[in-house]
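> whatever this is, show me its structure:
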Amino acid sequence: MTTTIKNYFHDWTKFELVWLIASTLIMITLSIIWQDTPIALISGITGIIGVVLCAKGKISTYFFAVINVALYAFICYNAKLYGETMLNALYFLPMNFIGFFLWRKHQSNGGDVIVRNLTKKGIILLTVVTAVSVIAYWQLLIFLGGHLALIDATTTIISVIALLLQVTRYSEQWILWIIVNIISIIMWVMLFMENDPSAVTMITMWSAYLINAFYGYFNWRKIASTE
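Down below sits the predicted model:
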(Lines give C-alpha, C1' and ligand atoms only; values in the text may rest on other atoms or scores of the structure.)
Protein backbone atom coordinates (compact mmCIF):
# COMPACT_ATOMS: atom_id res chain seq x y z
CA MET A 1 0.00 0.00 0.00
CA THR A 2 2.79 2.41 0.99
CA THR A 3 4.73 1.54 -2.17
CA THR A 4 1.67 2.20 -4.33
CA ILE A 5 1.19 5.65 -2.78
CA LYS A 6 4.89 6.50 -3.23
CA ASN A 7 4.75 5.45 -6.88
CA TYR A 8 1.66 7.60 -7.47
CA PHE A 9 3.35 10.73 -6.11
CA HIS A 10 6.86 10.05 -7.43
CA ASP A 11 6.62 12.72 -10.16
CA TRP A 12 5.03 15.40 -7.95
CA THR A 13 7.08 18.49 -7.10
CA LYS A 14 7.32 19.82 -3.54
CA PHE A 15 5.19 22.79 -4.59
CA GLU A 16 2.40 20.51 -5.83
CA LEU A 17 2.38 18.42 -2.66
CA VAL A 18 2.47 21.45 -0.36
CA TRP A 19 -0.26 23.17 -2.41
CA LEU A 20 -2.55 20.13 -2.22
CA ILE A 21 -2.11 19.69 1.54
CA ALA A 22 -2.21 23.39 2.44
CA SER A 23 -5.32 24.22 0.40
CA THR A 24 -7.17 21.25 1.88
CA LEU A 25 -6.23 22.18 5.46
CA ILE A 26 -7.22 25.82 4.91
CA MET A 27 -10.58 24.67 3.56
CA ILE A 28 -11.22 22.49 6.63
CA THR A 29 -10.10 25.18 9.09
CA LEU A 30 -12.27 27.95 7.64
CA SER A 31 -15.24 25.61 7.40
CA ILE A 32 -14.96 24.81 11.12
CA ILE A 33 -14.46 28.44 12.13
CA TRP A 34 -17.47 29.63 10.11
CA GLN A 35 -19.53 26.55 11.02
CA ASP A 36 -20.22 25.74 7.40
CA THR A 37 -22.35 22.79 6.31
CA PRO A 38 -20.78 19.29 6.03
CA ILE A 39 -21.99 19.03 2.42
CA ALA A 40 -20.18 22.25 1.50
CA LEU A 41 -16.99 21.03 3.21
CA ILE A 42 -16.97 17.67 1.42
CA SER A 43 -17.75 19.37 -1.89
CA GLY A 44 -14.92 21.82 -1.33
CA ILE A 45 -12.31 19.22 -0.37
CA THR A 46 -13.11 16.85 -3.24
CA GLY A 47 -13.18 19.81 -5.60
CA ILE A 48 -9.71 21.00 -4.62
CA ILE A 49 -8.21 17.52 -4.83
CA GLY A 50 -9.89 17.03 -8.21
CA VAL A 51 -8.57 20.21 -9.82
CA VAL A 52 -5.04 19.64 -8.52
CA LEU A 53 -5.08 16.17 -10.08
CA CYS A 54 -6.42 17.66 -13.31
CA ALA A 55 -3.57 20.17 -13.41
CA LYS A 56 -1.22 17.19 -13.13
CA GLY A 57 -3.02 15.41 -15.96
CA LYS A 58 -4.06 12.52 -13.69
CA ILE A 59 -7.11 10.49 -14.70
CA SER A 60 -8.04 10.05 -11.01
CA THR A 61 -9.31 13.64 -11.12
CA TYR A 62 -12.66 12.31 -12.33
CA PHE A 63 -13.29 10.23 -9.19
CA PHE A 64 -13.19 13.32 -6.99
CA ALA A 65 -14.96 15.45 -9.59
CA VAL A 66 -18.05 13.22 -9.56
CA ILE A 67 -18.45 13.66 -5.80
CA ASN A 68 -17.76 17.39 -5.99
CA VAL A 69 -20.25 18.24 -8.75
CA ALA A 70 -23.06 16.15 -7.25
CA LEU A 71 -22.81 17.97 -3.92
CA TYR A 72 -22.20 21.37 -5.50
CA ALA A 73 -25.37 20.98 -7.58
CA PHE A 74 -27.33 20.52 -4.35
CA ILE A 75 -25.68 23.58 -2.78
CA CYS A 76 -26.46 25.75 -5.82
CA TYR A 77 -30.07 24.58 -5.89
CA ASN A 78 -30.52 25.75 -2.30
CA ALA A 79 -28.98 29.11 -3.26
CA LYS A 80 -31.39 29.39 -6.25
CA LEU A 81 -28.50 29.37 -8.71
CA TYR A 82 -30.45 27.37 -11.25
CA GLY A 83 -27.91 27.76 -14.04
CA GLU A 84 -25.16 26.33 -11.85
CA THR A 85 -27.51 23.57 -10.66
CA MET A 86 -28.36 22.43 -14.19
CA LEU A 87 -24.73 22.73 -15.24
CA ASN A 88 -23.48 20.40 -12.53
CA ALA A 89 -26.34 17.89 -12.40
CA LEU A 90 -27.12 17.57 -16.11
CA TYR A 91 -23.74 18.25 -17.73
CA PHE A 92 -20.73 18.02 -15.41
CA LEU A 93 -21.83 14.76 -13.80
CA PRO A 94 -22.22 12.70 -17.01
CA MET A 95 -19.29 14.47 -18.70
CA ASN A 96 -16.95 13.36 -15.93
CA PHE A 97 -17.67 9.73 -16.82
CA ILE A 98 -17.10 10.52 -20.51
CA GLY A 99 -13.88 12.33 -19.64
CA PHE A 100 -12.60 9.33 -17.72
CA PHE A 101 -12.97 7.02 -20.71
CA LEU A 102 -11.55 9.56 -23.19
CA TRP A 103 -8.50 10.25 -21.03
CA ARG A 104 -8.02 6.52 -20.51
CA LYS A 105 -7.58 6.11 -24.28
CA HIS A 106 -5.00 8.91 -24.51
CA GLN A 107 -2.43 8.37 -21.77
CA SER A 108 1.36 8.53 -21.92
CA ASN A 109 3.59 5.70 -20.75
CA GLY A 110 3.76 7.45 -17.38
CA GLY A 111 -0.02 7.35 -17.02
CA ASP A 112 -0.61 11.09 -17.56
CA VAL A 113 -2.99 12.45 -20.19
CA ILE A 114 -1.61 13.41 -23.61
CA VAL A 115 -2.19 17.18 -24.01
CA ARG A 116 -2.83 19.25 -27.17
CA ASN A 117 -3.41 22.93 -28.12
CA LEU A 118 -6.09 24.71 -30.17
CA THR A 119 -5.30 26.30 -33.53
CA LYS A 120 -5.81 30.07 -34.10
CA LYS A 121 -9.05 29.34 -36.00
CA GLY A 122 -10.19 27.18 -33.12
CA ILE A 123 -9.59 30.00 -30.64
CA ILE A 124 -11.59 32.50 -32.75
CA LEU A 125 -14.50 30.07 -33.12
CA LEU A 126 -14.38 29.35 -29.40
CA THR A 127 -14.63 33.07 -28.56
CA VAL A 128 -17.62 33.71 -30.85
CA VAL A 129 -19.59 30.66 -29.71
CA THR A 130 -18.97 31.50 -26.06
CA ALA A 131 -20.18 35.12 -26.37
CA VAL A 132 -23.38 34.23 -28.25
CA SER A 133 -24.20 31.38 -25.87
CA VAL A 134 -23.75 33.53 -22.75
CA ILE A 135 -26.20 36.16 -24.03
CA ALA A 136 -28.82 33.57 -25.00
CA TYR A 137 -28.59 31.67 -21.70
CA TRP A 138 -28.67 34.90 -19.70
CA GLN A 139 -32.07 35.73 -21.19
CA LEU A 140 -33.34 32.23 -20.40
CA LEU A 141 -32.34 32.53 -16.73
CA ILE A 142 -34.06 35.91 -16.47
CA PHE A 143 -37.23 34.26 -17.80
CA LEU A 144 -36.89 31.48 -15.19
CA GLY A 145 -36.48 34.01 -12.37
CA GLY A 146 -32.96 32.91 -11.46
CA HIS A 147 -30.75 34.76 -8.97
CA LEU A 148 -27.71 36.70 -10.29
CA ALA A 149 -28.72 35.72 -13.84
CA LEU A 150 -25.87 37.32 -15.80
CA ILE A 151 -23.13 35.96 -13.54
CA ASP A 152 -24.84 32.58 -13.39
CA ALA A 153 -25.17 32.43 -17.19
CA THR A 154 -21.56 33.46 -17.78
CA THR A 155 -20.08 30.88 -15.41
CA THR A 156 -22.41 28.19 -16.72
CA ILE A 157 -21.67 28.63 -20.43
CA ILE A 158 -17.94 29.10 -20.01
CA SER A 159 -17.83 26.07 -17.72
CA VAL A 160 -19.65 23.95 -20.30
CA ILE A 161 -17.10 24.85 -22.96
CA ALA A 162 -14.15 24.57 -20.57
CA LEU A 163 -15.11 21.03 -19.55
CA LEU A 164 -15.55 20.07 -23.20
CA LEU A 165 -11.99 21.28 -23.81
CA GLN A 166 -10.85 19.41 -20.71
CA VAL A 167 -12.21 16.00 -21.71
CA THR A 168 -10.79 16.49 -25.22
CA ARG A 169 -7.40 17.39 -23.67
CA TYR A 170 -6.91 21.00 -24.81
CA SER A 171 -4.66 23.23 -22.68
CA GLU A 172 -6.81 26.32 -23.43
CA GLN A 173 -9.41 24.96 -21.01
CA TRP A 174 -7.42 26.61 -18.22
CA ILE A 175 -7.92 30.11 -19.62
CA LEU A 176 -11.67 29.58 -19.43
CA TRP A 177 -11.42 28.09 -15.94
CA ILE A 178 -9.55 31.21 -14.79
CA ILE A 179 -12.46 33.36 -15.99
CA VAL A 180 -15.02 31.04 -14.38
CA ASN A 181 -13.16 31.03 -11.08
CA ILE A 182 -12.92 34.82 -10.87
CA ILE A 183 -16.62 35.27 -11.62
CA SER A 184 -17.59 32.47 -9.22
CA ILE A 185 -15.64 34.12 -6.39
CA ILE A 186 -17.52 37.36 -7.03
CA MET A 187 -20.83 35.47 -7.09
CA TRP A 188 -20.22 33.74 -3.75
CA VAL A 189 -18.97 36.94 -2.12
CA MET A 190 -22.30 38.51 -3.07
CA LEU A 191 -24.09 35.50 -1.57
CA PHE A 192 -21.93 35.80 1.56
CA MET A 193 -23.26 39.33 1.96
CA GLU A 194 -26.73 37.77 1.86
CA ASN A 195 -25.73 35.35 4.66
CA ASP A 196 -25.67 32.18 2.56
CA PRO A 197 -24.57 29.31 4.90
CA SER A 198 -22.23 27.71 2.34
CA ALA A 199 -20.58 30.91 1.09
CA VAL A 200 -17.33 30.83 3.07
CA THR A 201 -16.36 27.33 1.98
CA MET A 202 -17.36 28.06 -1.61
CA ILE A 203 -15.28 31.26 -1.69
CA THR A 204 -12.31 29.29 -0.38
CA MET A 205 -12.87 26.51 -2.91
CA TRP A 206 -13.12 28.84 -5.90
CA SER A 207 -10.09 30.83 -4.74
CA ALA A 208 -8.09 27.60 -4.62
CA TYR A 209 -9.46 26.72 -8.06
CA LEU A 210 -8.22 30.08 -9.38
CA ILE A 211 -4.67 29.60 -8.14
CA ASN A 212 -4.69 26.03 -9.44
CA ALA A 213 -5.97 27.13 -12.87
CA PHE A 214 -2.94 29.36 -13.40
CA TYR A 215 -0.67 26.47 -12.49
CA GLY A 216 -2.72 24.07 -14.61
CA TYR A 217 -2.28 26.27 -17.68
CA PHE A 218 1.46 26.52 -17.11
CA ASN A 219 1.82 22.77 -16.54
CA TRP A 220 -0.35 21.68 -19.50
CA ARG A 221 1.51 24.01 -21.88
CA LYS A 222 4.76 22.52 -20.63
CA ILE A 223 3.44 18.98 -21.12
CA ALA A 224 2.18 19.81 -24.64
CA SER A 225 5.57 21.22 -25.64
CA THR A 226 7.32 17.97 -24.73
CA GLU A 227 4.94 15.64 -26.61
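
> wait, A208 touches S23, no?
Yes: A contact is recorded between A208 and S23 when judged using Cβ atoms under 8 Å, the distance being 4.5 Å. (C-beta placed from N, C-alpha, C; glycine too.)

> for this structure, give me the ranges with low pLDDT.
Per-residue confidence for the chain (pLDDT under 70) gives these ranges: 1-9, 110-111, 227.

> spatially central residue in it, please.
The structure's the chain has its C-alpha centroid closest to V51; by Cα atoms, centre = their mean the separation is 5.9 Å.

> sorry, back to before: what sits in contact with each of A208 and S23?
With contacts taken as Cβ atoms under 8 Å, 6 or more residues apart in numbering, A208 and S23 have I48 as neighbours in common.

> return the distance of the helix or strand where A22 lies from the chain's centre.
When elements are assigned from DSSP states H and E, A22 belongs to helix 14-33. When distances are taken as Cα atoms, centre = their mean, to the nearest Å, helix 14-33 is centred 17 Å away from the chain's centroid.

> try stretch 214-227
Computed by Cα atoms, centre = their mean, the chain-centroid distance of stretch 214-227 equals 17 Å.

> okay, now I49: neighbour count?
The tally of other residues near I49 (other Cβ atoms under 10 Å) stands at 20.

> wait, is it part of a strand?
No: assessed by DSSP: H, G, I helix; E, B strand; the rest coil, I49 does not belong to a strand; its assignment is helix.

> didn't it look like it was pressed against T24?
Yes: under the criterion of Cβ under 8 Å, I49 is in contact with T24, at a separation of 7.0 Å.

> how much space between the residue nearest to the centre of the chain and I21?
In this structure, V51 and I21 are separated by 15 Å, where distance is defined by Cβ to Cβ, to the nearest Å.

> likewise for G122?
Here G122 is placed at a distance of 37 Å from I21 (Cβ to Cβ).

> more crowded one of the two?
Per other Cβ under 10 Å, whichever of G122 and I21 has more neighbours is G122, with 13 against 10.

> what about the more buried one, distance to E172?
For G122 relative to E172 (Cβ to Cβ), the value is 8 Å.

> same thing with Y77?
Looking at Y77 against E172, where the rule is Cβ to Cβ, the gap reads 30 Å.

> higher neighbour count, those two?
Between Y77 and E172, counted using other Cβ under 10 Å, the more crowded position is E172 (20 against 15).

> helices along this protein, start to end?
When assigned using DSSP state H, the helices of the chain occupy the ranges 2-8, 14-33, 38-55, 61-78, 82-86, 93-105, 120-144, 149-167, 173-193, 199-225.

> got those helices as a markdown table, with distance to D112 columns?
Below are the helices of the chain laid out as a markdown table (distance: least, Cβ to Cβ, whole Å):
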| stretch | distance to D112 |
| --- | --- |
| helix 2-8 | 12 |
| helix 14-33 | 13 |
| helix 38-55 | 10 |
| helix 61-78 | 11 |
| helix 82-86 | 30 |
| helix 93-105 | 9 |
| helix 120-144 | 23 |
| helix 149-167 | 14 |
| helix 173-193 | 15 |
| helix 199-225 | 7 |
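
> nearest to V113, of those helices?
For the helices of the chain, the distance to V113 is smallest for helix 93-105, at 4.9 Å, taking Cβ to Cβ.
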